[in-house]
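1. From the sequence below, what's the structure:
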Amino acid sequence: MSDSQDLTETFYGRFAGIYDTLAAAPVVRSWRARCAEELALSSGDTVVEMGCGTGANLPALRERVGSEGTVVGVDLVPAMLRRARARAERHGWANVHIVRGDARRPPVARADALVSTFVVGMLEDPGSAVRSWLGLVRPGGHVALLNAARTDRPVLWPANLLFRVFTRLTAPGHRLQLDSPTRHLERRWAESVDALFDGTVDRLTDRLGLGFIVLASGRLPEE
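-> Below is the predicted model:
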């Protein structure tokens with residue numbers, strides 16, 4: 001296990017409860033639902049989520065694939081996985097499967113669609129990870145990514161300072177360093193979108209949450 005991986009597990013394991021509360025807040029649920037819409041899921045589909053966390057996306061995904069479909073949530077942090085499994089069990093979703101795995105080396109063979117929210121900014125080589133995700137999705141299937149960023153709305157630029165503070169406080173390993181976790185986050189997002197768009201068609205980008213949330217999606221070309 002790498003030092004960065006160990007740090008991520010420790011950090012998010014410690015704050016899994018707080019993360020779960022924030023991740024399931026009503027406004028955040030609306031962003032997650034918007035992201036799920038871009039997957040164009042149908043009843044019976046199989047959808048994979050890389051970095052499922054505490055399972056905040058599970059309701060939107062399960063609703064779209066129905067009882068005949070399959071939802072697979074992948075995460076690395078045991079504390080997150082326990083909460084995700086508890087959420088699925090609480091709803092009685094027998095077709096929602098939560099597995100431990102590294103998003104950089106997905107333990108999944110094939111899917112109709114794939115989603116990852118607030119994850120790519122934490123990966124050291126997000127471009128390679130996204131390219132590997134594209135290889136899991138069938139031709140014609142959709143991939144959607146969601147992440148945080150500084151807002152692009154001029155009237156809200158002063159709030160970007162607060163965003164930088166928030167990013168430093170919530171970025172494992174960066175709180176006491178001189179480099180900017182915000183720049184790391186945005187560079188990794190750019191690499192992720194480049195990889196996504198290089199391998200897809202019908203591409204889309206959008207800004208949500210007053211511009212602080214960025215969405216990117218694409219469809220795998222038909223064979």
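
2. Return the distance of whichever strand or helix holds residue 86 from the chain's centre.
-> Taking DSSP states H and E as the definition, residue 86 sits inside helix 78-91. From the chain centre to the centre of helix 78-91 is a distance of 17 Å (Cα atoms, centre = their mean, to the nearest Å).

3. Counting by contacts, list what that helix packs against.
-> helix 3-14, helix 16-23, helix 58-65, strand 70-75, strand 96-100 (3 or more Cβ pairs under 8 Å, 6 or more residues apart in numbering; DSSP states H and E). Heads up, the C-betas are built off the backbone N, CA and C, glycines and all.

4. How about residue 130: what's its closest non-neighbour residue?
-> residue 195 (3.9 Å; Cβ to Cβ, 6 or more residues apart in numbering).

5. Would you work out how far apart the start and end of stretch 111-124 are?
-> End-to-end span of stretch 111-124 (Cα to Cα, to the nearest Å): 24 Å.

6. Buried residues, that stretch. List them.
-> Within stretch 111-124, the residues that qualify as buried are 111-123, counting by 16 or more other Cβ atoms under 10 Å.

7. Could you list which of those residues belong to strands?
-> If you go by DSSP state E, the buried residues of stretch 111-124 have 111-117 in strands.

8. so what pLDDT did residue 162 get?
-> The model reports residue 162 with a pLDDT of 76.

9. Check residue 172 too.
-> Listed pLDDT for residue 172 reads 55.

10. tell me, which helix in the protein spans the most residues?
-> With secondary structure taken from DSSP state H, the chain has its longest helix at helix 181-198.

11. before we move on, back to that, kindly reformat the buried residues of stretch 111-124 as JSON lines containing pLDDT.
-> Shown next, in JSON lines, are these (pLDDT from 0 to 100):
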{"residue": "111", "pLDDT": "96"}
{"residue": "112", "pLDDT": "97"}
{"residue": "113", "pLDDT": "98"}
{"residue": "114", "pLDDT": "98"}
{"residue": "115", "pLDDT": "98"}
{"residue": "116", "pLDDT": "97"}
{"residue": "117", "pLDDT": "95"}
{"residue": "118", "pLDDT": "91"}
{"residue": "119", "pLDDT": "92"}
{"residue": "120", "pLDDT": "93"}
{"residue": "121", "pLDDT": "88"}
{"residue": "122", "pLDDT": "84"}
{"residue": "123", "pLDDT": "89"}
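
12. about what we covered before: only alpha carbons, please: show the longest helix of the chain as PDB.
-> Extracted in PDB, the C-alpha atoms of helix 181-198 (Å, rounded to 0.1, in the frame of the first residue of the first chain):
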ATOM      1  CA  PRO A 181      -4.200  21.500  -3.000                       C
ATOM      2  CA  THR A 182      -6.600  23.600  -5.100                       C
ATOM      3  CA  ARG A 183      -4.200  23.700  -8.000                       C
ATOM      4  CA  HIS A 184      -3.600  19.900  -7.600                       C
ATOM      5  CA  LEU A 185      -7.400  19.400  -7.700                       C
ATOM      6  CA  GLU A 186      -7.900  21.500 -10.800                       C
ATOM      7  CA  ARG A 187      -5.000  19.900 -12.700                       C
ATOM      8  CA  ARG A 188      -6.200  16.400 -11.900                       C
ATOM      9  CA  TRP A 189      -9.700  17.400 -13.000                       C
ATOM     10  CA  ALA A 190      -8.400  18.700 -16.300                       C
ATOM     11  CA  GLU A 191      -6.400  15.500 -16.900                       C
ATOM     12  CA  SER A 192      -9.600  13.400 -16.100                       C
ATOM     13  CA  VAL A 193     -11.700  15.400 -18.500                       C
ATOM     14  CA  ASP A 194      -9.100  15.200 -21.300                       C
ATOM     15  CA  ALA A 195      -9.000  11.400 -20.900                       C
ATOM     16  CA  LEU A 196     -12.800  11.200 -20.800                       C
ATOM     17  CA  PHE A 197     -13.300  13.300 -23.900                       C
ATOM     18  CA  ASP A 198     -10.500  11.600 -25.800                       C
END
